[in-house]
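**Student:** Following is a predicted model, sequence given first.
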Protein chains: 2
Amino acid sequence: MADNLRIALAGVGTVGAGVVRLLEENGSLIAKRAGRTIEVVAVSARDRAKDRGVDLSAYDWEDDMTAFAARGDVDVVVELVGGSDGPALALARKALENGKSLVTANKAMVAHHGLELAQLAEQSGAALRYEAAVAGGIPAIKGLGEGAAANRIERIYGILNGTCNYILSEMESTGRDFADVLAEAQALGYAEADPTFDIEGVDAAHKLSILAALGFGTRLDFASVDTSGISRIRAADIAQADALGYVIRLIGLADVSGSEESLQLFQRVAPYLVAKDHPLAGVSGPTNAVVCEGNFSGRLLFEGAGAGDGPTASAVVADLIDIARGSTPPPFSIPVSALEETAPADPGHRRNRAYIRMVVADKPGVLAEITAAMRDAEVSIESFIQHGQPDGDDAPVLIGMVTHESPEAAVSKALTLLEGSPSLVEEPLVMRLLR
Amino acid sequence: MADNLRIALAGVGTVGAGVVRLLEENGSLIAKRAGRTIEVVAVSARDRAKDRGVDLSAYDWEDDMTAFAARGDVDVVVELVGGSDGPALALARKALENGKSLVTANKAMVAHHGLELAQLAEQSGAALRYEAAVAGGIPAIKGLGEGAAANRIERIYGILNGTCNYILSEMESTGRDFADVLAEAQALGYAEADPTFDIEGVDAAHKLSILAALGFGTRLDFASVDTSGISRIRAADIAQADALGYVIRLIGLADVSGSEESLQLFQRVAPYLVAKDHPLAGVSGPTNAVVCEGNFSGRLLFEGAGAGDGPTASAVVADLIDIARGSTPPPFSIPVSALEETAPADPGHRRNRAYIRMVVADKPGVLAEITAAMRDAEVSIESFIQHGQPDGDDAPVLIGMVTHESPEAAVSKALTLLEGSPSLVEEPLVMRLLR
């Protein structure tokens, strides 16, 4: 058996403690699979005294984790600190520059700086692995970058944020409203105290941009992900979608189009209506799922726990086993210099069916005004739901409609025509139907 | 870029032609991902003149494919001939002995001779890869052997035969009977002229035994897979399962139990009742799905096309890319000498809920006899369906019942008590409920 693979752990929160526990509990099995022992030599975290449920006394303690990058007895730095910049990035750069491999669960850092880090890794011959950064315990990075590597990937989409999926499926099964379910999720620890990154789609956008670069062989472009979240979704939207045969899921979706000389990259995170017989409709709770469509493989789906200490530790240690085995393809499957440049796609030409929800004043002529705007924008309406209310109740009314397939620009035009109309009590909400 | 990876293709049926087409169509992308060109240097098949829709004239032709093993210009032999023994096995042995890597889609050969071949590969330093042998285009071998490698795998199960799944879901959606749907599947080319291996569960058993060895780190034991097929399932069973909230799927399921000194391996292929809200219930048509439960990852699911030239070629070429990249873990994830010995588990103690279908004579006392046997075997019945028929019609009657959780031995005892009874017109059919 070869020498031990010696790792240093930066950040010992729930995931870091999970990694320690996993290496202890499954250590002998992992040594057999990896061909050598994976040995924790040093750890670093903010608070040394904190009880993490695992015994860290056997490992060297570093107050300053950047020291890992200089230690001669460390082969791999495992970065579980988080944050796109700051100490995590400083450590990552230094480790890779010094030829130490880096395993990270840090989606924000990879989304913002993945190409720079991959280039550092290429230069020094170190490995950069980030399975745990996308879709928790699911080997989606491996599935896309290795399992589907024979394919031109035509489309990638999935449920990439467990918090949103938990909230949406709770709303679905209980009929409760967003704010109510969010508050409960926070109390239960399923949502952060500041849930913005999750519920506004930023976390899913980080992951989507990583999957897109890896799958399409294009340069990472987090900045151009068209991102919206779930905070405006109401119980009534879910009920209307249900009546039409759909559930609502926060979906990250990406594709490439155009010729090799001028590639357009489309990346969107948004709530979509998903037909109940689609495999993603059955994905509920904090589960994640990633779908890729290859030109030979057809549709491949990977599903599992999207977060949690056990699943995330499983992904981190899978990366370590690959490094121990010497299985280290380029971080983005092809060398950074060979990744294609793209321009952000203009979504105006994309043809979709769309669900449009409006809250309107309950007075004569409103429907005529809305349907005229739709006609003038050449958007044709396939179905329409308005629940009546008793005579004399003139509270605003919620209406939902589903359009026939139309260019997104046409739907935008219809909404522009209605902008400022006193008939609309609030801004309309548009959700596309997932194909 | 490194030297080309030079391959020889043994067998150019639909999958082999798919591999050639894939390497042509995606060749430059694959070269970028693999770090070098994957080059077909020679091919061999039974009939040189046959039109396969791809041009083979650029490649050397060998009438005798075993010649590949001796060619100095071949790095990898791709075996797509099939059959557990015979020419495929002779070629595989010779190639590996000579230090040539082997990529195969041959589940029968791997199930019967996988350990011997893996040992030859270890000895000569060659790679042995078989992603295409299990679950078509789905990277299930990679998912289990690499993606989930950090875990003690506790259970593996899935839908492993596309022909059976197609037939069952057709029966489900049309209400037609088995023989009728099978005949149609044969006419459409979804089932072989001799469908025995598929419909009697042998093909799924091949795949299950491979997954079990890989996932559990145990020695391959195809011979002890408890195998039954779908040919006795009737439209009425599917209707009764539906009424109870289930669909019927042919499931391969394996787990290990016992201590490290005396491991018991349970492997079964059989039709199961699957609750409609289980992810496998939504898997219909020729789709496959593999689930593994890891002690840290939790449940991971991999789903995609279970067969077809495109998906299978995608899996074959993924293996080639791994070899080109130098990513070649041991064929069964750990070296053959370290795989654990197991004994076949006695299923008698397994506690399951079971669906039992009987065809009984329509005369007084029959139900009393059956329920007495159940009582005497201590099997308690949870639900019972018998559809009445008009007075005066004394044709045999089909009854279906679901038991509470009971040891399998108890259900067997009840059926033994009823053996030879004139009340039973044919042998009862037992299907377990998937947990």
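**Tutor:** Okay, I see it.
**Student:** ranges for the helices of chain A?
**Tutor:** For chain A, the helices defined by DSSP state H occupy A:14-25, A:27-34, A:86-97, A:107-124, A:140-142, A:162-174, A:178-188, A:196-199, A:202-216, A:235-244, A:309-325, A:366-376, A:408-418.
**Student:** Ranking the ones you listed by mean neighbour count, which comes first?
**Tutor:** Across the helices of chain A, the average number of neighbours (mean count of other C-beta atoms under 10 Å in any protein chain shown) peaks for helix A:140-142, which reaches a mean of 31. (Glycine included, C-beta is placed from N, CA and C.)
**Student:** A:R71: how many residues sit nearby?
**Tutor:** Applying other C-beta atoms under 10 Å in any protein chain shown, we find 18 other residues in the vicinity of A:R71.
**Student:** ok, it touching A:S44?
**Tutor:** No: judged on C-beta atoms under 8 Å, A:R71 makes no contact with A:S44 at a distance of 11.0 Å.
**Student:** okay, and the common contacts of the two?
**Tutor:** Shared contacts of A:R71 and A:S44 (C-beta atoms under 8 Å, 6 or more residues apart in numbering or on different chains): A:A8.
**Student:** Select, out of the helices of chain A, the one closest to B:I199.
**Tutor:** Closest of these to B:I199 is helix A:140-142, at 33.5 Å (criterion: C-beta to C-beta).
**Student:** Could I get the average pLDDT for that closest one?
**Tutor:** Helix A:140-142 comes out with an average pLDDT of 98.
**Student:** Just give me how far it sits from the chain centre.
**Tutor:** Taking C-alpha atoms, centre = their mean, to the nearest Å, the mean C-alpha location of helix A:140-142 is offset from the chain mean by 13 Å.
**Student:** what do you get for stretch A:117-130?
**Tutor:** 23 Å.
**Student:** hmm, that stretch touching chain B?
**Tutor:** No: judged by C-beta under 8 Å from any C-beta of the partner chain, stretch A:117-130 and chain B are separated, with a smallest distance of 11.3 Å.
**Student:** Check stretch A:90-107 too.
**Tutor:** No: for stretch A:90-107, no contact with chain B is found by C-beta under 8 Å from any C-beta; the gap never falls below 11.7 Å.
**Student:** center of chain A, which residue is that?
**Tutor:** A:A204 (2.7 Å; C-alpha atoms, centre = their mean).
**Student:** Hmm, that one is touching A:L250, no?
**Tutor:** Yes: using C-beta under 8 Å, A:A204 makes contact with A:L250 at a distance of 6.2 Å.
**Student:** do you know how far the residue nearest to the centre of chain A is from chain B?
**Tutor:** Applying C-beta to the nearest C-beta, to the nearest Å, the value for A:A204 to chain B is 20 Å.
**Student:** gap between that residue and A:V291?
**Tutor:** For A:A204, the distance to A:V291 equals 14 Å [C-beta to C-beta, to the nearest Å].
**Student:** sorry, back to before: in contact with the residue nearest to the centre of chain A, which residues?
**Tutor:** A:A204 touches A:160-161, A:164, A:227, A:250, A:252, A:269, counting by C-beta under 8 Å, 6+ apart.
**Student:** measure stretch A:386-397 end to end?
**Tutor:** For stretch A:386-397, the first-to-last residue distance is 8 Å (C-alpha to C-alpha, to the nearest Å).
**Student:** I'd like to know the average pLDDT value across it.
**Tutor:** Stretch A:386-397 carries an average pLDDT of 77.
**Student:** just stretch A:342-360 next, same as before
**Tutor:** Mean per-residue pLDDT for stretch A:342-360: 96.
**Student:** right, is it up against chain B?
**Tutor:** No: interface with chain B: stretch A:342-360 contributes nothing (C-beta under 8 Å from any C-beta), its closest point being 15.3 Å away.
**Student:** Show the end-to-end separation of that stretch, please.
**Tutor:** Start-to-end span of stretch A:342-360 (C-alpha to C-alpha) is 41 Å.
**Student:** how about the CA coordinates for stretch A:305-312, as PDB?
**Tutor:** Output in PDB follows, covering the C-alpha atoms of stretch A:305-312 (Å, rounded to 0.1, in the frame of the first residue of the first chain):
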ATOM      1  CA  ALA A 305     -29.800  14.500  -0.600                       C
ATOM      2  CA  GLY A 306     -28.900  18.100  -1.500                       C
ATOM      3  CA  ALA A 307     -27.300  19.000   1.800                       C
ATOM      4  CA  GLY A 308     -26.600  17.700   5.300                       C
ATOM      5  CA  ASP A 309     -23.400  16.800   7.000                       C
ATOM      6  CA  GLY A 310     -23.400  13.100   6.000                       C
ATOM      7  CA  PRO A 311     -24.200  13.500   2.300                       C
ATOM      8  CA  THR A 312     -21.800  16.400   1.900                       C
END
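**Student:** Show the average pLDDT along that stretch.
**Tutor:** Averaging pLDDT along stretch A:305-312 gives 94.
**Student:** how about A:D362, what does it touch?
**Tutor:** A:389, A:393-397.
**Student:** For A:L244, see how far away it is.
**Tutor:** 23 Å.
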